[in-house]
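**Student:** predicted coordinates and the sequence they were generated for:
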Amino acid sequence: MTPFTEKTGTPAAFMSTEDGKDIQGFLLNYVADFVTIAAGKKFNPHVTIGVGTEVYLNNMLAAPFEAFTFSPAGASVYQLGSFGTARKELKALVLTP
């Protein structure tokens, strides 16, 4: 990752609809330090599927979870935007099993 790491990024590196005014300061530090604070064994992969109420979430967490396997059909690289959301697709890869 070292050749692609930049510790002094600015809001200009992010996809913005407000000329960088919508990019939070904490996000600059999070991205700059991601490899040391959230990569490798600290990486927490996740899939965001939407929003729900706290009651719904608590019920879902209390229910048994049946493990499953899956294979990705593709992967994409995105430019981050406000709050670290994937905002602009930079590259899409189609994968075949």
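**Tutor:** Sure thing, it's come through. Numbers count the residues shown, from 1 in each chain.

**Student:** a helix runs through residue 59, doesn't it?
**Tutor:** Yes. Secondary structure assignment places residue 59 in a helix (DSSP: H, G, I helix; E, B strand; the rest coil).

**Student:** pLDDT score assigned to it?
**Tutor:** In this prediction, residue 59 carries a pLDDT score of 93.

**Student:** one more: the one 4 residues further on?
**Tutor:** pLDDT, residue 63: 95.

**Student:** and the gap between it and residue 52?
**Tutor:** Using CB to CB, to the nearest Å, residue 63 is found at 13 Å from residue 52. Every residue, glycine included, has its C-beta placed from N, CA and C.

**Student:** so which other helices or strands are in contact with the longest strand belonging to the chain?
**Tutor:** Secondary structure assigned by DSSP state E gives strand 86-94 as the longest strand of the chain. Contact here means 3 or more CB pairs under 8 Å, 6 or more residues apart in numbering; DSSP states H and E; on that basis strand 86-94 packs against strand 74-80.

**Student:** now the strand it packs on against strand 86-94, angle please.
**Tutor:** With axes from the mean of the first three to the mean of the last three CA atoms, to 10 degrees defining the directions, strand 74-80 sits at 160 degrees from strand 86-94.
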